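K.L.:
The sequence and its predicted three-dimensional model are supplied below.
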Amino acid sequence: MFVRDLPGAQAQLERLRTCWRQSDGMLATVYRGSTCIDPTPLVADLGDTAPFLATLGFPDEALQLARAASGHLTRGLFRRGERAYLFDNHDLVLGWLELHEQTGEDWLIESSRQALAAVQRECEVRGRLVDWGDSRARSWRASAYNAGFVEVAVDLFHATRDTSYLECARRWARSLIHTRSFRKHGLWSRFDTPRFELLGAALGRLSRYGPVRMFKDNTNCVWGLLALFLEDQDGEIGAALERFVAVVTRLFERHGHIPEFPGRDQQFDLSANIFVAELLADIARFKALDAAFDLACRIVESVERRRWKNGLLPRDARYCGDHLDMMVDFGVALCKLDALGAGRRFYQRAEQGWQAVWRLHQSPHGLVQSVDSEGRVLDDRIIVKYQFLATKALLVGEHTNVYDDTRLWRLLRDR
């Protein structure tokens, strides 16, 4: 895997190996300088940490993190008390599967099997995955974010060749395509309610932000469907992907960007635009859909018009600073479009942003969270998972086509 130099890269790699650990070897969540201000064990984000360590040449340290995370599980899942929130377990299982791909450790597959069995047992209601489950009750709400487990099931099938996981993915995908929100609007609601559909519709109308959140709900959902489409080439899923592209195209043409909450708040938000553009690039690559490629390029050009002279981008219309992780992922979206033939200027813009991030976010303790248009630090927190995710900029070499290297493409996923 190609690793190139960026300002402070070698010091950052050493931090990834040795810093931010708790007494049990698990990472903590947030630091300010050398002081831990959020000791929550970083179990839910294992996929954002351990696989990067392994790819960067430190598989032993990566496996140590994975083993430390396992000590925080109950009945196969990471829980808050008795409840297992799917949001807290999605990246965890993806992390096990990616780490297995890199190390071949069989216990990672067994952990993934146990987790998916617990998800089916505790969180599946009428073919939908609800937000949380436990031994006594299930949530009434099924956020589209949970559809990321379609992708998890497909990945577990690839690792084991056990077709029961493909059947899970197909069942969950069919249920998604037939939800009331997607049938009516071509997008998925935050308030889909498998038992009582009309209740979800009413709650969405009453919500301050409306029923739809673009990132990570709709983006994760569509990435899940795309993962299954790559396996099955199912026509119904293909049609759903095309409909999603048509809907977000209309949103872009109406607002000049992709709103995070299309039903209520139309102001610019960087996250929605970055990840919709990256998702569209993947749809263009794996479904050969020209409309997705064209829209991704238009979204990126609209974002570029907001770039500051120092190479960074504002997080949203209200905040005067950037966001470490979004800056890194915008570069990934640009590199995907470069790989699809959009033009070398897309890679050059990714390089510009990454150089600015690694130069202006540097501190003696890691990469700080937010900097403004003048390079002043606005948020000096060291959010630990972002320290690992920032190495995406180290792993994408100048001549690397991210679609030609399957392992790299999988590592670059932001779910």
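P.N.:
Cool, the structure landed.
K.L.:
from here on, contacts and neighbour counts on C-alpha atoms
P.N.:
Will do.
K.L.:
Would you map the strands across the stretch 251-400 of the chain?
P.N.:
362-363, 366-367, 370-371, 377-379, 381-383 (DSSP state E, counting those that start in this stretch).
K.L.:
just those strands: most buried one?
P.N.:
A comparison of the strands of the stretch 251-400 of the chain by mean neighbour count, using mean count of other C-alpha atoms under 10 Å, puts strand 366-367 on top with a mean of 26.
K.L.:
What lies in contact with that strand?
P.N.:
12, 15, 324, 358, 361, 382, 387 (C-alpha atoms under 8 Å, 6 or more residues apart in numbering).
K.L.:
ok, the fifth one - how many residues close by?
P.N.:
By other C-alpha atoms under 10 Å, 21 other residues sit near residue 361.
K.L.:
Start at 653, not 1
P.N.:
That works, and once the first residue is 653, the last one we named lands at residue 1013.
K.L.:
need the contact list for it.
P.N.:
So residue 1013 contacts 976, 1019-1023, 1029 (C-alpha under 8 Å, 6+ apart).
K.L.:
just curious, which of the residues you listed is nearest to residue 1005?
P.N.:
Set against residue 1005, the nearest of the contacts of residue 1013 by C-alpha to C-alpha is residue 976 (10.4 Å).
K.L.:
wait, that closest one sits on residue 1020?
P.N.:
Yes - if you go by C-alpha atoms under 8 Å, residue 976 and residue 1020 touch, sitting 7.4 Å apart.
K.L.:
Please identify which of those two sits among more neighbours.
P.N.:
Higher neighbour count among residue 976 and residue 1020: residue 1020, with 28 against 25, using other C-alpha under 10 Å.
K.L.:
isn't the more buried one right next to residue 1031, touching?
P.N.:
Yes - between residue 1020 and residue 1031 there is a contact at 6.7 Å, judged by C-alpha under 8 Å.
K.L.:
from what I can see residue 746 touches residue 699, true?
P.N.:
Yes - between residue 746 and residue 699 there is a contact under C-alpha under 8 Å: 5.8 Å.
K.L.:
Relative to residue 673, how far out is residue 705?
P.N.:
For residue 705, the distance to residue 673 (C-alpha to C-alpha, to the nearest Å) stands at 14 Å.
K.L.:
what's the answer for residue 731, then?
P.N.:
20 Å.
K.L.:
So which of those two has more stuff around it?
P.N.:
residue 731 (21 against 18).
K.L.:
What lies in contact with the helix or strand bottoming out on mean pLDDT in the chain?
P.N.:
When each helix and strand of the chain is scored by mean pLDDT, DSSP states H and E, helix 849-858 comes last, with a mean of 74. Contact with helix 849-858 is made by 793, 832-833, 841-845, 862-864, as judged by C-alpha under 8 Å, 6+ apart.
K.L.:
count of neighbours near residue 848?
P.N.:
By the measure other C-alpha under 10 Å, the count of residues near residue 848 is 11.
K.L.:
now the one 3 residues further on
P.N.:
Neighbour count for residue 851, taken as other C-alpha under 10 Å: 15.
K.L.:
The one 5 residues further on now?
P.N.:
Each residue near residue 856 was counted by other C-alpha under 10 Å, and the total is 20.
K.L.:
and what of residue 748?
P.N.:
Using other C-alpha under 10 Å, residue 748 is surrounded by 25 other residues.
K.L.:
do residue 881 as well
P.N.:
Quick note: residue 881 (other C-alpha under 10 Å) scores 21 neighbours.
K.L.:
Pretty sure residue 890 is one of the things it touches, is it not?
P.N.:
Yes - using C-alpha under 8 Å, residue 881 is in contact with residue 890, at 6.8 Å.
K.L.:
Name the residues of stretch 756-770 that come out as buried.
P.N.:
760-761, 763-765, 767-770 (16 or more other C-alpha atoms under 10 Å).
K.L.:
and if you look at stretch 959-973?
P.N.:
Within stretch 959-973, the residues scored as buried using 16+ other C-alpha under 10 Å are 962-968, 973.
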